[in-house]
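[1] How does the following fold in three dimensions:
(chains A and B)
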Amino acid sequence: MKRRTLLAFMLDRPGVLNKVSMLIRRKMYNVDTLTVCSSRIKGISRMTITLKEDDPRKVEQVMKQLAKLVEVISVKELDTNNSYWREVAIVKLEIEAARLDEFHHRYNFEVLDKKSEDMHILQVAGATGHIDGFLDEIGRENIIEIARTGVSAMEK
Amino acid sequence: MTGKTLVLRALKDLGVRYLFGYTGGAIMPIFDEIERFDDMTFLMARHEQGAAFMAQGLTRGALSTDRPELGVCLSTSGPGAMNLVTGIADAHMDSVAMLAITGQVATGVIATDAFQESDVVGVMMPICKQTYMPLSPEEVESTVHEAFYVAKTGRGGPVLIDIPKDIQNNETPADYEFAAENFTPQLPGFLYSPNPETDAIKRAADLINRSERPLLFCGHGVINANAGALLRKFAEKMNIPIAFTLHGLSALPLDHPLSLGMMGMHGTVESNRAIMEADLLIALGMRFDDRVTGKLNEYAKNADVIHVEIDSSEINKNVATSVAINADVARTLEALLDEPMLTYKPRRRWFSMIEEFRTVMAADLEEEISRGTGSGGKLLMKSIVHQLSELTGGRDLIVPDVGQHQMMAARFYNYQTENSWFASGGAGTMGASLPMAIGVKLARPNERVWSISGDGGFQMNIQELGTVMEYGIDIKILILNNGHLGMVRQWQTFFFDERYAGTPMRSPNFGLIAEAYGITYLKVEKLEDVKPALEAAIAHTGAIVVEFVCEPNEFILPMIPAGGGFNDMITSFSMNSPDTDEADQGGAS
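    Sure, this is the predicted structure:
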């Protein structure tokens, strides 16, 4: 299924997040990621929603119904090839320092804490695919705990 | 000033004359203020659901008058608010602007499971156009004004304001000011664009000119835009036949030569066959509900679609559109009437096809209506509705309930008055009729209002006879009693091998019930008594209940089974039933 990214701007009023998530549930999607933050303009929030849907007509329906919410100011779908998708992951890993060094030149991460010789807390930032690639390579079985922010996106 | 005063001041400034509701702990302060506003009349419903339907009836009845107004209902927190839910969900489905004001427990105890506390905003959010909870008395007035604006702007819908009790009682700061006349809601995302784009009108005109078999669809949007006369003018000018959705009925006279009557599951053969044959549908203010389209992939396969709809999320939702016009129906019809490119066509072949479709069931229906009774000698609903139509010249206001009798009322009353049909459509709420008729009567005091129910639906809000009694509401209440939930029974006959699970029902003595409420009552068992009873109801001043003993084996035909296509249309009862599994999609109502 194709991953879609919807970017919406809306009035920062109580219950808006509730309405958006309720609408997406009613349309029978499971939200992949949903991030909310303040926008450049005071009182207006920026929401990035990712979900999986192949049919463009269904995506259009979700967008129109989102746009219909009284608080929602605009909704658009971001073109995957023409936008930046970024997220941050904090990962607690059981890995030896020497092995970790092998990844330094290929992945953009920062060691936040070294708990012991083979226990590190890292911060990885970048595109979703970049983070997934890092985790795959380093071995997901080595992850003790992980926190990911979900996607924030912007058009190029 | 206190929050409670500001609620009422705002309602008064907005021209509200009627408040429907039921008091209780958390709304007491607002009720206490009503007395001080003598230009507003309070009507106590006997159940909050009744109040919600009365509010709907008022909005719907008034929208075609020179004094459009919004229905407002009030209830207390918890169970009071929960009892509003069905009436509000119904208004949401049928695009009816209304305002519900609920009392809420005090802010200090919200979310502690206080006595009579429910998360009203949480429950109402998906069934309201907008919900509010003011958290200070100075927010109250602007909230009520914004709520009205949102409810009635664009596609209508219900709006809820949940007001905690302390906010009702608290005082605004001394310097509080609010000027109603200068109020503009700050809603940058709530856009309303009534005017059609010129380019879309050109493209629509081009499609219409090229079409040989066009068909106009008259939806609820035509009624809501008071565009019946414009539609008539356009249809006559262009010589295009018109089919009506359930809610489009009464936009123009049903017996107009271009009218094909109602479309959809229980629509006329001529409208549904015309849809199958049409090469262009011009859909005005409608949403292509499943009861209209049947199986989508078989629907109107040969037709281009021009879809005029105020709510853009309805465009391309169910049916792919060739020309989308996201605008008000009246403005669009005006633009089309001004479009010089459009040319008249005689469409002789198209109309001769339609004349043929008209004959398919005509003889059967005529025979049933003139026979008037079933094999057991009990009355046929078709015939009762037909006689009512003849007697009133089709000019009265009809408020049906939901079910078989509703479809009879939709099909066999000859609507002449614009905006004279008030049904629960999308939600299909049994029990809607009696309270909705009360609201309609208040909006249209000089017209005759008929509430028509089955024995099932009537008992769902039977308590509103108390409201009728107390306020002397002059409505004519007809009960078409066939001892069953007729519509579900029809499905059982067709698709469930005549297993009548949960549909037969015994009714109380409606005569004694009417008497208990001090309402005149007549019972009709014989065909020859139908007309005299209806005449007596007309002659009687004040409310009257007339019960008709009806035939349970009467069917509303044609019928397109749920999930079926127009080719599956059942036109006579003795034919083989279609596949039950397929017919089962969608549920009966």
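
[2] how many other residues sit next to the residue of the stretch 51-200 of chain B found nearest chain A?
    The minimum distance from the stretch 51-200 of chain B to chain A, using CB to the nearest CB, falls at B:G189 (3.6 Å). (C-beta placed from N, C-alpha, C; glycine too.) The tally of other residues near B:G189 (other CB atoms under 10 Å in any protein chain shown) stands at 19.

[3] ok, now B:L512?
    B:L512 has 9 nearby residues by other CB under 10 Å.

[4] Kindly report the same for B:L391.
    So B:L391, with other CB under 10 Å, has 15 neighbours.

[5] Over to A:K156?
    Residues near A:K156, counting by other CB under 10 Å: 8.

[6] following the longest strand anywhere in chain A, which helix or strand shows up next?
    Counting residues, the longest strand in chain A under DSSP state E turns out to be strand A:83-94. Using DSSP states H and E, the helix or strand that follows strand A:83-94 in sequence is helix A:97-101.

[7] What mean pLDDT does that following helix get?
    Mean per-residue pLDDT for helix A:97-101: 88.

[8] quick one: that helix to chain centroid distance?
    Centroid displacement of helix A:97-101 relative to its chain, using CA atoms, centre = their mean, to the nearest Å, is 27 Å.

[9] so what secondary structure elements neighbour that helix?
    The contact analysis (3 or more CB pairs under 8 Å, 6 or more residues apart in numbering or on different chains; DSSP states H and E) places helix A:97-101 against no helix or strand.

[10] one step back: using the three-state scheme, assign the residue of the stretch 51-200 of chain B closest to chain A.
    Of the three states, B:G189 takes coil according to DSSP: H, G, I helix; E, B strand; the rest coil.

[11] How about the one 10 residues further on?
    Following three-state DSSP, the label given to B:D199 is helix.

[12] and it, how many neighbours?
    Neighbours of B:D199 using other CB under 10 Å come to 9.

[13] Report pLDDT for it.
    97.

[14] What of the one 10 residues further on?
    According to the per-residue confidence, B:N209 scores 97 in pLDDT.

[15] in its sheet, what does the helix or strand that B:V305 is a member of sit against?
    Taking DSSP H and E as the definition, B:V305 sits inside strand B:304-308. Taking DSSP bridges as the criterion, strand B:304-308 sits next to strand B:280-284 (parallel), strand B:323-325 (parallel) in its sheet.

[16] Please identify the deepest-packed of these.
    strand B:280-284 (a mean of 27; mean count of other CB atoms under 10 Å in any protein chain shown).

[17] May I have the helix or strand following that one as CSV, with CA atoms only?
    Per DSSP H and E, the first helix or strand lying C-terminal to strand B:280-284 is helix B:290-293. In CSV, the C-alpha atoms belonging to helix B:290-293 read as follows (Å, rounded to 0.1, in the frame of the first residue of the first chain):
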residue,chain,number,x,y,z
ASP,B,290,-26.9,4.3,-1.4
ARG,B,291,-30.7,4.4,-1.3
VAL,B,292,-30.5,6.5,-4.4
THR,B,293,-27.8,4.7,-6.4
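
[18] for helix B:290-293, packing partners?
    Against helix B:290-293 (3+ CB pairs under 8 Å, 6+ apart) you get no helix or strand.

[19] What lies in contact with it?
    B:245-246, B:263-265, B:286, B:296, B:299-300, B:318-319, B:562, B:586 (CB atoms under 8 Å, 6 or more residues apart in numbering or on different chains).

[20] buried set for the longest strand of chain A?
    A:W85, A:R86, A:E87, A:A89, A:V91, A:K92, A:L93 (16 or more other CB atoms under 10 Å in any protein chain shown).
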